[in-house]
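Q: Sequence first, predicted coordinates after that:
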Amino acid sequence: MLWIDRVMALVSLKIAQNSGGWQGNSVPATRKSPRSIAIPAGVGFHRGSRSPQKTQISAAIIMLPMPSRNIRLRQNAGALFLLALLILPVAAQANAAQDNSRYDVLYIWDPDLRNLQDYKEELETQLGAEVGKALRIIQRGDRYGLIYDCNTTALSSAKMAVRHSVVLGKAGLGDARAIKDEDYHELYNVCYGHGPNLAALTEQYQTIYRQLGAEVGKDLFIEKSGDGKYTLVYRKQTDKQSTMGVARHHAKLLAKSGIAASITREENNEVVFGESSLLDHEEKDMAADPAPVPSLADTKKTPAEPVPLLTGNKKKSIAETVANADRNLEQELEEYINELRGKGLLAKDEKTGWLVIDLNKGETIVDINVDNPYQAASMIKPFVALAYFHRFKEGKLKYTPTARSKMEAMIQYSNNDATNWVLKQVGGPRAAQKILRQHYGHLLRETSLVEYIPSGGRTYRNKASAKDYGRFLVALWRKQLPHDEEIRRLMSLPGRDRLYSGTQIPQGTLVYNKTGTTAQLCGDMGILAPKGQNGRRYPYVVVGIIEKQSKAGNYGRWKMERGNVIRRISSMIYQKMKANYNLL
């Protein structure tokens, strides 16, 4: 009867009345502790007081232990949901006459807004685009929550929470639960324009970016709204009153340009244009005269290649070519990683890889655990794009509007269905791997592209090394790849990255990147090109990978925490580059 235990735990959904609203945990629920069944008073399972306090079912049900995760994942989801449907109506029907409140579905509470933004991306992947469109970040006191804004009855929201919990449980994420639609507020953004003309809004974007500068910086976006039109917003993501104050201030600053400012509710709309989109367009010719390229000495003499070799014994060549400050950076990163391990913030079964290449000097300045292949996750998707553009260059494929749309979905939103569509056009994983091996083997020496992205995105068999990502990125910067300009455009589209967003790196930095995440890997690889005091850009490559040997017990929390480790290390790298080049 273990599956019944699971059902009872899900049926509870943490629907406990607390300060006038049903409340979830401060973090995604773990699945190893006992669960109790909490139901609003007077719902029908007991005849006591109707006062607003939670009433629990008998102790025989309260403390049922949860089965192990492996057993849970083998349970019959259909039977689970059916039992939930038998239990929930009894409670809901008995309470219907008294409670006309509206309810949403809650997934997580957290004091750090950045963590909610990371978690939201994973929910969109697991629950699908339709649910993703209605995900909202809310605020209650000093905590942020992530909800599905279904605005329905207690029964309907509870049923939906059960269905979502089944899906999320299989992915190692926390349970969903119902929450009363009260005692929290939604977030708002500043809006500067709305309409069907994307080109006009892009011009307006440039004007606002120049005039407001660092005040809006990283968070100025053009979104595609639900009505099919476009909206230019500053994603302030604060309460209504605070956002209104910012809008009034911006309206005064922009008055001479004829640009008004108002507020709009945060709707989790698709982003089509952002800071790096603008900077990529403005500086598309900046790599016309590429700097020297880094190479690591091999134990054997190797003929020169147009991209960095990054092979052999790195420690010897670094001692010969890199300044003390750069060697100290590598030491700082190693000490920081060891500190995290000492505090238990990195587990014993987690290995990490870090690569930093100074594209201005042509030197590799950090090289930690970069030779062996890691799980690639979604970081392999730019390689899939490379295989497609190779076929396009040969005249065997066309880059149609459909193909462009699929590419954007694959790179910007890491959409797995779009990735599989692109792979199929190339001829499948085996054909893509053959292209990469035959034509780009000098770059992607350890890359192994062997499978389509499985349902749910849990891909573990595709692999690549940190050096592979580094060689690819240097070749991309040097314009040595087919249709590299389009690949750069795709990798500059705004998204929730781990190298720039949430870091100390200032507004105005050009970013090309691709993240990757599974229950065993968290990574990001990209090019950052910040500006110096002299107005010149100083680009460098960063690859950060954290791989776990076993699946994380709470995948959502693990992903957020490891993503923040990469962000902190990216900030450390920037500080060293800032000192070397007098960056802004």
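A: Cool, the structure landed.
Q: Which strands or helices does the host helix or strand of Ser276 pack on?
A: In this assignment (DSSP states H and E), Ser276 forms part of helix 275-282. On a contact count with 3 or more C-beta pairs under 8 Å, 6 or more residues apart in numbering; DSSP states H and E, helix 275-282 meets helix 198-212, helix 484-492, strand 510-518. Just so you know, the C-beta spots here come from the backbone N, C-alpha and C atoms, and that holds for glycine as well.
Q: average pLDDT for the longest one?
A: Average pLDDT, helix 198-212: 95.
Q: Show me which positions of it end up buried.
A: Of the residues in helix 198-212, those with enough neighbours to count as buried (16 or more other C-beta atoms under 10 Å) are 201-202, 204-205, 208-209, 212.
Q: Kindly list the single helix or strand of this protein that scores lowest on mean pLDDT.
A: For the chain, counting by mean pLDDT, DSSP states H and E, helix 59-62 ranks last in confidence among helices and strands (a mean of 30).
Q: Can you name the residues that contact the residue nearest to Ala418 when sequence neighbours are not counted?
A: In space, not counting the residues next to it along the chain, Ala418 is nearest to Ala409; the distance is 3.8 Å by C-beta to C-beta, 6 or more residues apart in numbering. Contacts of Ala409 were listed using C-beta atoms under 8 Å, 6 or more residues apart in numbering, and they are 415, 417-418.
Q: with these in mind, which one is nearest to Thr402?
A: Taking C-beta to C-beta as the measure, Thr402 sits nearest to Ala418 out of the contacts of Ala409, at 10.3 Å.
Q: List the backbone torsions phi and psi for that closest one.
A: The phi and psi values for Ala418, taken as degrees, to the nearest 10, are phi -70, psi -40.
Q: same deal with Lys467?
A: Backbone dihedrals for Lys467, given as degrees, to the nearest 10, come out at phi -70, psi -40.
Q: what about it, neighbour count?
A: For Lys467, the tally of surrounding residues (other C-beta atoms under 10 Å) stands at 27.
Q: From what I see, it and Gly353 are in contact.
A: No: in this structure, Lys467 is not within contact of Gly353 by C-beta atoms under 8 Å, at 9.1 Å.
Q: who touches both of the two?
A: Here Lys467 and Gly353 share the contacting residues Val370, scored by C-beta under 8 Å, 6+ apart.
Q: hmm, back to that, pipe the helices and strands packed on helix 275-282 into CSV and attach distance to Val450 per row.
A: Converted to CSV, those look like this (distance: least, C-beta to C-beta, whole Å):
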stretch, distance to Val450
helix 198-212, 38
helix 484-492, 22
strand 510-518, 15
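Q: in this protein, what spans have low per-residue confidence?
A: For the chain, the stretches with pLDDT under 70 are 1-99, 284-327, 456-459.
Q: Pull up the gap between Glu335 and Gly193, please.
A: Separation of Glu335 from Gly193 (C-beta to C-beta, to the nearest Å) stands at 48 Å.
Q: For these two, indicate the residue with more neighbours.
A: More neighbours sit around Gly193 than around the other of Glu335 and Gly193, counting by other C-beta under 10 Å; the figures are 19 against 10.
Q: now the helices for the stretch 51-200 of the chain?
A: The residue ranges that make up the helices of the stretch 51-200 of the chain, judged by DSSP state H, counting those that start in this stretch, are 59-62, 69-72, 77-96, 113-127, 129-133, 154-170, 198-212.
Q: what does the domain assignment say about this structure?
A: Structural domains of the chain, as assigned by automatic domain parsing, span the residue ranges 2-183, 187-273, 314-581.
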